[in-house]
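Novice: Model the structure of this input:
(one chain, ligands or ions: 2)
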Amino acid sequence: MTININLKRVVDDSYPIHIGPLPEITYEGKVAVLTNPKVAGLHLQTLLSRLKAKEVYIITIPDGEQYKNWESIEFVLERMFDHRLNRHSLLIAFGGGVIGDMGGFSASLYNRGIDFLQIPTTLLSQVDASVGGKTGINNRFGKNLIGAFHQPRAVYIDPAFLATLPSREFGAGVAEIVKMAVTFNAPFFEWLEQNDLREGDNLAYAIQKAVETKAGVVEKDEKEHGLRAALNYGHTFGHVIENETRYSTYLHGESVAIGMVMANDLACETGLMSREEAARIKAVLARYDLPLSYPIGDVERFYQAFFLDKKSADSTVTFILPKSIGSVEITDTVDANTVKKTLSKFAGRAS
Ligand SMILES: NC(=O)c1ccc[n+]([C@@H]2O[C@H](COP(=O)([O-])OP(=O)(O)OC[C@H]3O[C@@H](n4cnc5c(N)ncnc54)[C@H](O)[C@@H]3O)[C@@H](O)[C@H]2O)c1
Ligand SMILES: [Zn+2]
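Specialist: Ligands and ions are numbered 1, 2, ... in the order given. Here you go, the predicted structure:
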């Protein structure tokens, strides 16, 4: 005998992404703000001055990717219980992508899921991590392997928070902006070639374009069945670099920059993209002092490491290769020799 349980439902998870000065946020219930000591020291007062809620609790976890783990989630959930948050309470993730990913994940777990807001304070989190509802943590098997899709109720992007961001962190965010442009938005890439993000209102415009681009992709493929995977451009290579250097040499966005250069080289090698377009992408990245090369010590080991990446199903490696600026191909049919030929060009090459 079979009993069917029919749960077909229409869920509206739409939400606004505000870009501009942080407006007043009012909330009827209890609010917990998740942040870290660095962000709190720099910007918590600003947030609290805009927040009108019944009760506000601050939950602080240590700063750093190494704390994006179960222990921190457990700690955050415990504090939420201490403060007697309920299903109608709100969590605000206030910080970079690490806080955003953990805030979202905690919100997805507490009482089987409560609402949360993203208030990203790094460029990378403003243009990428805060949008799209991917939340999660790392474990010893890899990065972001545990998590949930849990969309925020709203995202508040205030570029003013970026005034205190170190320049390397700025560059790392630019790498993800370039990623959005190369994968999906050729006119935006041309704009990036002609404008410096450190001048005038250019940054706010670039954030808007990057977010629009990502939002468009997420709307079409929230759970990454296809299209959204294109946003892993540069990441297949980048993740191996991050792993080999034990997350201590490059920031995530920096290894993505190198990864995009490598992906472009592979795209040129397979005849997909022209060398001229690859050079244009490199030139934009170079302007923000991003590293563009990585001395691969052992090509075979580097190649094998692709298979440990979770985005590579079983025995194939998925590469995101530009066909031209603004259009990419998701492929798992590049033959090993071609990939290794590209990798060998980086062998021993310093950045
Ligand atoms: N969910 C997604 O779709 C998605 C997408 C991309 C990246 N991510 C995740 O995001 C994380 C990386 O995010 P990140 O680059 O923001 O790193 P991060 O959160 O570690 O922030 C970088 C550093 O900047 C500090 N900081 C934050 N705001 C600041 C400010 N305004 N002024 C000065 N310092 C500030 C942080 O405390 C930290 O030391 C990774 O864990 C990655 O997996 C998630
Ligand atoms: Zn990334």
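Novice: Any chance you could list what contacts stretch 159-168?
Specialist: Outside of stretch 159-168, the residues within contact range by C-beta atoms under 8 Å, 6 or more residues apart in numbering are 19, 21-22, 42-43, 46, 120-123, 126, 170, 173, 203-204, 207, 251, 254, 289. All C-beta atoms are positioned from the backbone trio N, CA, C, and that covers glycine.
Novice: From those residues, keep the buried residues only.
Specialist: By neighbour count, with 16 or more other C-beta atoms under 10 Å, the contacts of stretch 159-168 hold 19, 22, 43, 46, 120-123, 126, 170, 173, 203-204, 207, 251, 254 as buried.
Novice: Just to be sure, which of those are found in helices?
Specialist: Mapping the buried ones among the contacts of stretch 159-168 onto helices (DSSP state H) picks out His43, Thr46, Leu123, Phe170, Gly173, Leu203, Ala204, Ile207, Glu254.
Novice: Can I get these in CSV including pLDDT and distance to Val56?
Specialist: What follows is those, written out as CSV (pLDDT from 0 to 100; distance: C-beta to C-beta, whole Å):
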residue, pLDDT, distance to Val56
His43, 98, 15
Thr46, 98, 14
Leu123, 98, 26
Phe170, 98, 30
Gly173, 98, 28
Leu203, 97, 30
Ala204, 97, 28
Ile207, 98, 27
Glu254, 98, 35
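Novice: Just want the most central residue of the chain.
Specialist: Taking C-alpha atoms, centre = their mean, the centroid of the chain lies closest to Ala129, which sits 3.6 Å from it.
Novice: OK, contacts around the residue nearest to that one when sequence neighbours are not counted?
Specialist: In space, and not counting its chain neighbours, Ala129 is closest to Gly97: 3.4 Å by C-beta to C-beta, 6 or more residues apart in numbering. Counting by C-beta under 8 Å, 6+ apart, Gly97 touches Pro120, Thr122, Leu124, Ser125, Asp128, Ala129, Ser130, His252.
Novice: Gly97 and Val328, how far apart?
Specialist: Gly97 sits 22 Å away from Val328, going by C-beta to C-beta, to the nearest Å.
Novice: Could you restrict the contacts of stretch 159-168 to the ones contacting ligand 1?
Specialist: Contacts with ligand 1 within the contacts of stretch 159-168, as defined by C-beta under 6 Å from any ligand atom: Leu42, Thr121, Thr122.
Novice: Pull out the buried positions in the helix or strand containing Val211.
Specialist: For Val211, the host element (DSSP states H and E) is helix 202-220. Judged by neighbour count (16+ other C-beta under 10 Å), helix 202-220 contains these buried residues: 203-214, 217-218.
Novice: Turn those residues into JSON lines, columns for distance to Thr60.
Specialist: Listed next are these as JSON lines, based on distance: C-beta to C-beta, whole Å:
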{"residue": "Leu203", "distance to Thr60": "28"}
{"residue": "Ala204", "distance to Thr60": "29"}
{"residue": "Tyr205", "distance to Thr60": "33"}
{"residue": "Ala206", "distance to Thr60": "31"}
{"residue": "Ile207", "distance to Thr60": "26"}
{"residue": "Gln208", "distance to Thr60": "31"}
{"residue": "Lys209", "distance to Thr60": "33"}
{"residue": "Ala210", "distance to Thr60": "29"}
{"residue": "Val211", "distance to Thr60": "27"}
{"residue": "Glu212", "distance to Thr60": "33"}
{"residue": "Thr213", "distance to Thr60": "33"}
{"residue": "Lys214", "distance to Thr60": "28"}
{"residue": "Val217", "distance to Thr60": "33"}
{"residue": "Val218", "distance to Thr60": "29"}
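Novice: Which single one of those is nearest to Glu193?
Specialist: Checking the buried residues of helix 202-220 against Glu193 by C-beta to C-beta gives Ala206 as the nearest, at 12.1 Å.
Novice: ok, now which ones touch the closest one?
Specialist: By C-beta under 8 Å, 6+ apart, the contact set of Ala206 is Val127, Ile177, Phe188, Trp191, Leu192, Asn195, Leu197.
Novice: Now for the residues you listed: which two are most distant?
Specialist: Once C-beta to C-beta is applied, the contacts of Ala206 give Val127 and Asn195 as the farthest pair, at 15.3 Å.
Novice: Same drill for those two, tell me which one is more crowded.
Specialist: Each of Val127 and Asn195 has its neighbours counted (other C-beta atoms under 10 Å); Val127 has more, 28 against 15.
Novice: Double-check that one against Ala181; I have them as touching.
Specialist: No - counting by C-beta atoms under 8 Å, Val127 does not reach Ala181; the two are 10.6 Å apart.
Novice: Can I get the buried part of the contacts of Ala206 as one PyMOL selection?
Specialist: Listed next is the PyMOL selection for buried residues among those, using 16+ other C-beta under 10 Å:
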select buried, resi 127+177+188+192+197
